[in-house]
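>>> Got a predicted model here, sequence first, then my questions.
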Amino acid sequence: MKGGPRRLRFGLALVGFELTLVVLAPLVLPNPHAIVDPRGAGLLPPFSRVFVVTLQDGTSFAGLELSRKGEVLALRRGSSWEQVPEKLVVSVKPQWYLLGSDTLGRDVAARLVKAGQISLSVGVSSLALAVTLGTLWGMAAVLGPRWLDRLLMALVDAALALPLLFVLLAVSAFVRPSLGTVVLMLGFFSWMGVARLVRGQALLCREKPWFLAAQGLGLKPLRLALVHVLPHLVTPLATDATLRLGDLILLEAALSFLGFGVPPPIPSWGSMAAEGFEVWRLAFWLPVFPGLAIALSVFAFATVADGLGELGRGERIAGEAA
Amino acid sequence: MSVSLGFAIACGGKTPTPPPSPVAAPIHGGQVVVAVAQDISSFNEYTGFAESTELAILDLLFPSLLIEQPDYQQHPPSFAPNLAVSWAFSQDNRTLTFHLRPNARWSDGTPVTAEDVAFTFRVQKDARLPWSGQEIKDFIASVEVVSPTEVRFHFSRTYPYQLMDANDGHIVPAHVWGKIPIEEWTHTDFSRRLVTSGPFRVASHVPNQTLTLVRDPAYWDAPKPYLDRVIFKIIPDTGQQLSQLLAGLVDVVLMVPPREAADLKRHPKVEVVEVPSRVWGYIGWNNRRPPLSDRRVRRALTLATNRQAIVDTVYWGFARLAKGPIPSTMWAANRNLQPLPYDPAQAAALLDAAGVRDTNGDGWREWQGKPWTVELLYPSVNTLRAQAAVMIQADLAKVGVRVQPTPMEFTAMMARQEAGAFDAVLSAWEEATKVDLTSLWVTPSATTGSNNFMGYSNPEVDHLVAQAREQNDLDKAKVYWYRAQELIVEDQPVTFLYEAVQLVGISRRIKGANINPASVFFNLPEWYLEP
């Protein structure tokens, strides 16, 4: 009983930490899309610093080391030193790469955080869609006529029988990838579990004396659903939704990993992992950070869900004892 | 050799591997394992689309009349004897006679004869089969069997590539495959009807795992081959292929990713052979869709794209800036061509002149008062293209052109390409060893097959290409080819990006390998293992 709240607090702390990072970190990190001279600043390890030299014509170069010899500025790009006349240089700025840089010299930390915003918002939006659809479906099954229940649940079973990832890949071959389509695809293919849960819980409610009483008073199905059933679904739905959020984040990552998720240059943890995986022999840290971010999010939401579940069970036991 | 869409890369260039040292005599025995990305689709190349690796494997199993030499860079390729020991043109160049080797045998003991050559020609011309090389035989009217070892090709006209066209395609066994009705070919499993004639024969084939070849004791060029076995191991992932090469589980990797090459070159047990290939990458613009139909706009987009940076970053320097429609390694390439410079300022001026301007001051250019976005399609599995797409997007953003990179499943992308429903495609093409600009650059007509999905059309180019093709004097032909290339570069129907270099990883225990632009397996019968 005590495990519940403690686990819940831990999970919420993790989620809070992640949200804070995702919301506040962009304020101090560089532009996640900025391509910085790939030859001088590509594939750098964490905690690297480069000097970005901008010339009068707007072009810029990056190098790991810098030295001035009179009128000439020398810059080490990769393994070669290159020289520019000092008078052509407009500015020299150091740039730190907290978590290293990718092949195009983009800041991995900034991309990781941006990808976090994307992954979390895709997860939450598709979850909202799935929960809404699933709740409507489940309620309709319970409160409608018997044949409707059978039909709707048969459809749920049919939809569940489809191998999800394959269906998503097949669908994405025909739609233009964008943030919106990814949200729609994920939402439209993950409401079935919610529908089952809602139906199950609503069926339990239907047996309860207070429900029978309300029904006996001749209340309309809609009112029955909203006032007498829905409030009892909040805890199980919340538990389920949190757990599902982790799944959706994972699914989005899988789609993006395979190249069918959010289109570039928008970063996503999945596509970052895929890009990093390509070069792991040269920069092993590149696939590690997005991998950790995915694992941490799924773990955080699962812990919250667990905590909520235990809490719910606690409440119920307390309620029955009283 | 036929042209194929170049995302399955193949051969190219000079001869970088040193010839075997004359001191060590080749020794018999041992096996070599070659990593290939995909399984052979059919043992009968006439029943489907065979990409270049597959054709290279078939080279080991089925004879061709001659062997095309890797010297297409100076002139149309020359040929060495193979099944045919000698050949001669008639006075008027319309008849070509081949004399066949009397001691060539199929793996069931039957001699390989002129009948097989004539049968193969009938197969190649059969419109019921989906062979992509059918047009190669367009000007060969008939093939006549004179005697079991003499066969005559009759041409309907004379042109520089007659010998090449007569030779293209492997000879298949008439006495076995001739018994299968042609209409059943596309759904026949030829691995069960396999009769071969080459340095190797098939010992076993486990689909999608391994194809094992063993030396054919009846091969006419004894004591070759030196190897007992060649095993093709199907490993789709290039990273996996590389790991297995380093672990010694695989001896040859056909395409080392450019980014890994520098590291691999330092490895003591592996050699990286650089072969300039005939694959070149481009951004194909929809020449039918305004404002891309305006040459100034296409030129501007090229000028605004920093192509050298893409070559350096995405291909790690293992590629060259492409200049025009004929790869620089080929004899007809116009060496005076200059690639358009990287010049955003000039690009901006051209776009302004073409009426693609930022009229509402939001930093992005509009076309006819509406926001203009160029959708750039590329195959989703190709991470190199994804990187290039992002770089192109960033470059064009600097001149106010909005680009939306769109990864697509390959066949879906092809469908949009063919339907003309696209703005731009990031793709690559593999050129044949035959110089011909017809398929890609000549105005598509309803009657002939064309790969000109960009919808490029310049009557002057059409005219020049037609004249160049028929010109038997190569120096005169060059004049037409050169001018056609200049016009195409001026028009920029595509933005020429890079010419690829094929990187072959090969174990140092293999000796005698001459990996060249004709094929990685060019002299595989002469490979042997270090004692």
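Yep, it's here.
>>> Please give the element, helix or strand, for the residue nearest to the spatial centre of chain A.
For chain A, the residue nearest the mean C-alpha position is residue A:119 (2.7 Å; Cα atoms, centre = their mean). Residue A:119 is part of helix A:108-143 when elements are defined by DSSP states H and E.
>>> Which other helices and strands does that helix contact?
With contacts taken as 3 or more Cβ pairs under 8 Å, 6 or more residues apart in numbering or on different chains; DSSP states H and E, helix A:108-143 sits against helix A:3-24, helix A:146-161, helix A:179-188, helix A:192-207, helix A:230-257, helix A:269-278, helix A:285-321. Every residue, glycine included, has its C-beta placed from N, CA and C.
>>> Confirm for me that the residue nearest to the centre of chain A is in contact with residue A:251.
No. When contacts are counted by Cβ atoms under 8 Å, residue A:119 is not listed as touching residue A:251 (10.6 Å).
>>> what packs against the longest strand seen in chain B?
Determined from DSSP state E, the single longest strand within chain B is strand B:270-285. Secondary-structure packing of strand B:270-285 (3+ Cβ pairs under 8 Å, 6+ apart): helix B:258-265, helix B:295-303, strand B:424-430, strand B:494-507.
>>> Mind doing that once more with 7 Å?
helix B:258-265, strand B:424-430, strand B:494-507 (3 or more Cβ pairs under 7 Å, 6 or more residues apart in numbering or on different chains; DSSP states H and E).
>>> Name every strand pairing with that strand and say which way it goes.
Strand B:270-285 sits in its sheet next to strand B:424-430 (antiparallel), strand B:494-507 (antiparallel), going by DSSP bridges.
>>> Could I get the pLDDT score of residue A:96?
What the model reports as pLDDT for residue A:96 is 90.
>>> returning to what we had before: now the residue nearest to the centre of chain A: how far from residue B:49?
Here the criterion is Cβ to Cβ, to the nearest Å. By it, residue A:119 lies 39 Å from residue B:49.
>>> now do residue B:263
34 Å.
>>> Same check on residue B:518?
According to Cβ to Cβ, residue B:518 and residue B:49 sit 21 Å apart.
>>> Compare the two and say which is more crowded by neighbours.
Neighbour comparison, residue B:518 and residue B:49: the larger count goes to residue B:518, with 26 against 14 (by other Cβ atoms under 10 Å in any protein chain shown).
>>> Surely the more buried one and residue B:68 touch.
Yes. Taking contacts as Cβ atoms under 7 Å, residue B:518 lies within contact range of residue B:68: 5.9 Å.
>>> Just want the phi and psi numbers for residue A:61.
Main-chain torsions, residue A:61, degrees, to the nearest 10: phi -130, psi 150.
>>> Now do it against residue B:393, distance only.
21 Å.
>>> Over to residue B:498?
Distance check for residue B:498 against residue B:393: by Cβ to Cβ, it reads 17 Å.
>>> got it, and residue A:27?
For residue A:27 relative to residue B:393 (Cβ to Cβ), the value is 25 Å.
>>> Other residues contacting the helix-or-strand element of chain A with minimal mean pLDDT?
In chain A, no helix or strand scores lower on mean pLDDT, DSSP states H and E than helix A:221-223, which sits at a mean of 76. Residues outside helix A:221-223 that contact it (Cβ atoms under 7 Å, 6 or more residues apart in numbering or on different chains): residue A:143.
>>> Off-centre distance for it?
Distance, stretch centre to chain centre, for helix A:221-223: 35 Å (Cα atoms, centre = their mean, to the nearest Å).
>>> quick one, what contacts the residue of the stretch 401-531 of chain B at minimum distance from chain A?
Taking Cβ to the nearest Cβ, chain A has its nearest neighbour within the stretch 401-531 of chain B at residue B:409, 3.9 Å off. Contact analysis of residue B:409 by Cβ under 7 Å, 6+ apart lists A:173, B:380.
>>> Also the one 4 residues further on?
The neighbours of residue B:413, taking Cβ under 7 Å, 6+ apart as the test, are B:377, B:379.
>>> What values do phi and psi take at it?
phi -70, psi -40.
>>> Local confidence estimate at it?
Residue-level pLDDT assigned to residue B:413 equals 86.
>>> now residue A:52
You'll see residue A:52 listed with a pLDDT of 87.
>>> Helix, strand, or coil at it?
strand (DSSP: H, G, I helix; E, B strand; the rest coil).
>>> Specify the beta-bridge partners of it.
The partner residues for residue A:52, given DSSP bridges, come to residue A:62, residue A:93.
>>> Isn't it up against residue A:96?
No. The pair residue A:52 / residue A:96 is not scored as a contact, 11.1 Å apart, by Cβ under 7 Å.
>>> Can you pull the phi/psi pair for the residue in the stretch 201-350 of chain B that chain A sits nearest to?
Closest contact between the stretch 201-350 of chain B and chain A, by Cβ to the nearest Cβ, is at residue B:313 (3.9 Å). Dihedral pair for residue B:313: phi -90, psi -50, per degrees, to the nearest 10.
>>> related to what we said a few turns ago, comparing residue A:27 and residue B:393, which residue is more hemmed in?
More crowded of residue A:27 and residue B:393, by other Cβ under 10 Å: residue B:393, with 20 against 6.
>>> which ones are touching the nearest residue to residue A:177 once chain neighbours are set aside?
Of all residues not flanking residue A:177 in the chain, residue A:263 sits nearest, at 4.5 Å (Cβ to Cβ, 6 or more residues apart in numbering or on different chains). Residue A:263 sits next to A:177-178, B:405-407 when contact means Cβ under 7 Å, 6+ apart.
>>> try residue B:196
B:61-62, B:107, B:202.
>>> For residue B:70, see how far away it is.
Taken as Cβ to Cβ, the span from residue B:196 to residue B:70 is 24 Å.
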